[in-house]
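any chance you can model this:
(chains A and B)
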There are 2 protein chains.
Amino acid sequence: MQRKKAVVDAKIESASIAKGLLVIHTGTGKGKSTAAFGTLARALGHGMKAAVVQFIKGRSDTGEEAFFRSAPNLSWHVMGDGFTWETQDAERDHASARKAWELVCGYLQDETINLLILDEFTYALKYGWLTIEEVTEALHQRPSMQHVIITGRGAPDALIELADTVSEIHLVKHAFSNGVQAMPGIEF
Amino acid sequence: MQRKKAVVDAKIESASIAKGLLVIHTGTGKGKSTAAFGTLARALGHGMKAAVVQFIKGRSDTGEEAFFRSAPNLSWHVMGDGFTWETQDAERDHASARKAWELVCGYLQDETINLLILDEFTYALKYGWLTIEEVTEALHQRPSMQHVIITGRGAPDALIELADTVSEIHLVKHAFSNGVQAMPGIEF
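This next block holds a predicted model:
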């Protein structure tokens, strides 16, 4: 254990590359988006400039949006008209995802943006609204010091491959299984 | 898949219990603390009152602390003198953990605190600074609507059992394996 720790420490100390990271939070557990928002707080605390684009979450009563809305150096966009199974209108979802992606492409060419968060982004790939090729190409071409965090279940292999850091969040248990309703401040 | 989704939706709709949740973020992956801080932003956005007690992280140059420091309704405490393998002084660590725990016990009896975050808390149990019995007892006795989030590797079974929601974050890959240094805004 001590030796393993020493090896890891040595690795960290010898790490000298500075670059913009592609970070992915995937898996079925709770915490993918909130971990992105916690990192957002961290980046803003260092005086960085950031943008958030939320894919397919139509609700606008979230605590995070209310909290971050007034933060300086931050642009916050909520795209789409709710989850697909709520709108039941695949064409509208597709069009709204394409619009969100155009916005993202703008940020991915903007060197002044230090951190870009694409929240619930994997669904746009899953539903075929965007192709993995255009997404990896745009990520690959972004400014070299720009950090990007992508959240959502089922991140495709090509995205995992391109990423620098990947966390997979497993659901061990969830309060709603015991009849607990979605609590404000915790679930939204 | 569609049927599974329907079952889950029905479960969520029939969920009617409102209670303070015990949420645990454990595992070896990146995102345990940031997910707690993202939830903190969420709770503060709903006008809730919160407290954060960070165990054994001595550094005070983190972006999250800088960002949240000025937030209203929030108390932020960084305990300890750095990680144990840095201080090399087990007695001092133990004393400082006991002091932090006294502070936590105060919050666990304070009904005005809606969300309490015990960051990197599992280490206090792992190193034997606190007993699992005193911890579960204090958590059990807390105000019924108070949410608590505990982060850290290796959460013990008794804590998992007591929890309402548990996420285990797995490390799929990490930038430092490829020689990338800890980037401000992402790692701290």
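
what residue ranges in chain A score low on pLDDT?
A:1-13, A:57-59, A:80-88 (pLDDT under 70).

from A:S16, how far off is the residue nearest to the spatial centre of chain A?
Nearest to the mean C-alpha position of chain A, by Cα atoms, centre = their mean, lies A:I150 at 3.0 Å. As judged by Cβ to Cβ, to the nearest Å, A:I150 and A:S16 stand 26 Å apart. All C-beta spots, glycine's among them, are computed from the backbone N, C-alpha and C.

can you confirm whether the helix ranked longest in chain A lies near chain B?
In chain A, taking DSSP state H as the definition, the longest helix is helix A:90-107. No. With Cβ under 8 Å from any Cβ of the partner chain as the criterion, chain B is not reached by helix A:90-107; the gap is at least 14.2 Å.

what distance separates that helix from the centre of its chain?
Remark: helix A:90-107 is offset 16 Å from the chain centroid, using Cα atoms, centre = their mean, to the nearest Å.

what comes up buried for that helix?
With burial defined by 16 or more other Cβ atoms under 10 Å in any protein chain shown, the residues of helix A:90-107 counted as buried are A:D93, A:H94, A:S96, A:A97, A:A100, A:W101, A:V104, A:Y107.

which of the residues in the strand ranked longest in chain A are buried?
In chain A, taking DSSP state E as the definition, the longest strand is strand A:165-173. By 16+ other Cβ under 10 Å, the buried positions in strand A:165-173 come out as A:T165, A:V166, A:S167, A:E168, A:I169, A:H170, A:V172, A:K173.

dump the residue contacts of the last one.
Going by Cβ atoms under 8 Å, 6 or more residues apart in numbering or on different chains, A:K173 touches B:I160, B:A163, B:D164, B:T165, B:V166.

next one: the second one
Shown here is A:V166, whose contacts under the criterion Cβ under 8 Å, 6+ apart are A:V23, A:I24, A:T26, A:A155, A:I160, B:L171, B:V172, B:K173.

if I look at the closest residue to A:D61 other than its chain neighbours, how far off is B:S75?
In space, and not counting its chain neighbours, A:D61 is closest to A:F188: 7.1 Å by Cβ to Cβ, 6 or more residues apart in numbering or on different chains. Using Cβ to Cβ, A:F188 is found at 24 Å from B:S75.

any idea how far apart the tips of stretch A:145-164 sit?
One end of stretch A:145-164 to the other measures 13 Å (Cα to Cα, to the nearest Å).

which parts of it are buried?
A:146-153, A:155, A:159, A:162-164.

quick one: A:C105 from B:G106, how far?
As for A:C105, its distance to B:G106 is 50 Å (criterion: Cβ to Cβ).

just give the number of residues close to A:R69.
10 (other Cβ atoms under 10 Å in any protein chain shown).

got it, and the one 5 residues further on?
When counting by other Cβ under 10 Å, one arrives at 18 neighbours for A:L74.

mind listing what it touches?
Contacts of A:L74 (Cβ under 8 Å, 6+ apart): A:L40, A:L44, A:K49, A:A50, A:A51, A:V52, A:F68.

which one of the residues you listed is nearest A:E133?
Closest approach between the contacts of A:L74 and A:E133, by Cβ to Cβ: A:A51, at 23.1 Å.

in stretch A:121-131, what counts as buried?
Under 16+ other Cβ under 10 Å, the buried positions of stretch A:121-131 are A:F121, A:T122, A:Y123, A:A124, A:L125, A:W129, A:L130.

same check on stretch A:19-32?
In terms of neighbour count (16+ other Cβ under 10 Å), stretch A:19-32 has its buried residues at A:19-27, A:29-32.

tell me the secondary structure for A:A182?
Classification of A:A182 using DSSP: H, G, I helix; E, B strand; the rest coil returns coil.

looks like it contacts B:I17 (just checking).
No. Counting by Cβ atoms under 8 Å, A:A182 does not reach B:I17; the two are 11.0 Å apart.

which stretches of chain A form strands?
Using DSSP E, strands in chain A cover A:22-26, A:50-54, A:74-78, A:115-119, A:147-151, A:165-173.

minimum distance to A:T136: which of the ones you listed has it?
strand A:22-26 (9.8 Å).

tell me the angle that closest one makes with strand A:165-173.
If you take axes from the mean of the first three to the mean of the last three Cα atoms, to 10 degrees, strand A:22-26 sits at 10 degrees to strand A:165-173.
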